[in-house]
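Visitor: Could you look at this predicted model? Sequence included:
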Amino acid sequence: MWQIDQTSLRLFIAVCEEGTIARAAEREFIAPSAVSKRLADLETLCDVALVSRSPRGVRPTPAGEALLRHARLIMRGHERLQAELGEYAAGARGHVRVLANASSLVEFLPEALSAFLQANERIRVDVEERVSAEIVRGVDEGVADIGICRDFVATGGLDVIPYRSDHLALVVPRDHPLAHRTGIGFEETLAYDHLGLASNASLNALMQRIAAEKGHELNYRSFVSSFDAACRFIEAGLAVSILPLEAVARRGGSLSASGDGGEGGQRGEAARSRIVAVPLHDAWAERRFVICVGERAALTLAAARLVDHLLATR
């Protein structure tokens, strides 16, 4: 079985990214003839042309594109291995990279990660916000160890673990005509201007489709970029919005004034809150989160501990 060494892979990546052997050689501090020799040896080993040459430089062939994609994954994995082993040598126990969607970061993830980090002081966790489709792609490409996203995204060959759920609600100012309701159907909300969250593109599209199926139009008065901005616009009476009930409760909002309290709906909180969340009773209003990983059995010890913690505290 033939094997390709990491030096050849690194030089091949440099040639593809720089576009010429001379610039690749300069970048890697090596003679151009040595780069050419490595490239020729690679093509001999693979028994296929990996680059096409022209007076303007070189570019990868289809076979070269395939090698380039895998070479980047291999080199990135090697770099991560070195970094993680270096952290063990320095006394740390690991480094976990997490991609998470906006809803999880608003509703529950900060508290879950805070508890984990307090119990595992030598593990570092980096978190980056992405939309669900980008989260799946990032985990699949090895950019992150763990992804937290919605279950409707195609996850390919990733391991997917059911995690949490949340519930959508109509969020209105306390003096709104619908604020007293204990539940409502989405169709009833279409009589009012809505406020959209730009990060909820998939939900916005779903609601527009449902409205159209019912013969109505969903009128977005405005779009905002963050959950907190949406709540402030609602408080000011600009529009109503469909938002996760759990996120509203954490911000200090309440269930409808005549409700029984529910999640975050204590009457003391209701007295102070300027917004009210009226739960939607449509079937699609309950949404699910999943944890996705490349292969659960192959997770590092630190990443496996974090997954176990998230599942134990959901």
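Guide: Everything's here; your move.

Visitor: Can I get the longest strand that the chain contains as CSV, trimmed to CA atoms?
Guide: As assigned by DSSP state E, the longest strand anywhere in the chain is strand 159-173. C-alpha atoms of strand 159-173 as CSV (Å, rounded to 0.1, in the frame of the first residue of the first chain):
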residue,chain,number,x,y,z
ASP,A,159,-23.2,10.8,14.3
VAL,A,160,-26.3,12.6,15.5
ILE,A,161,-27.5,12.6,19.1
PRO,A,162,-31.0,13.9,20.1
TYR,A,163,-30.5,16.7,22.6
ARG,A,164,-33.1,19.3,23.6
SER,A,165,-36.3,20.9,22.3
ASP,A,166,-37.8,24.4,22.5
HIS,A,167,-41.2,25.9,21.8
LEU,A,168,-42.2,28.9,19.7
ALA,A,169,-44.4,31.6,21.0
LEU,A,170,-45.9,34.8,19.8
VAL,A,171,-44.1,37.6,21.7
VAL,A,172,-46.0,40.9,22.1
PRO,A,173,-46.0,44.0,24.3
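
Visitor: which other helices and strands contact it?
Guide: Strand 159-173 makes packing contacts with helix 102-107, helix 227-235, strand 241-244, helix 245-250, strand 275-279, strand 286-293, helix 301-312 when contacts are defined by 3 or more C-beta pairs under 8 Å, 6 or more residues apart in numbering; DSSP states H and E. All C-beta spots, glycine's among them, are computed from the backbone N, C-alpha and C.

Visitor: Contacts only, for the closest residue to residue 150 other than its chain neighbours.
Guide: Using C-beta to C-beta, 6 or more residues apart in numbering and skipping residues adjacent in sequence, the residue nearest residue 150 is residue 132, 4.6 Å away. Contact analysis of residue 132 by C-beta atoms under 8 Å, 6 or more residues apart in numbering lists 101, 149, 150, 152, 153, 202.

Visitor: residues of the host helix or strand of the last one that come out buried?
Guide: Using DSSP states H and E, the element containing residue 202 is helix 201-213. Within helix 201-213, the residues that qualify as buried by neighbour count (16 or more other C-beta atoms under 10 Å) are 203, 204, 207, 208, 210, 211.

Visitor: Could you report the pLDDT at the third one?
Guide: The one in question is residue 207. Listed pLDDT for residue 207 reads 94.

Visitor: How far does stretch 133-146 sit from its chain's centre?
Guide: From the chain centre to the centre of stretch 133-146 is a distance of 8 Å (C-alpha atoms, centre = their mean, to the nearest Å).
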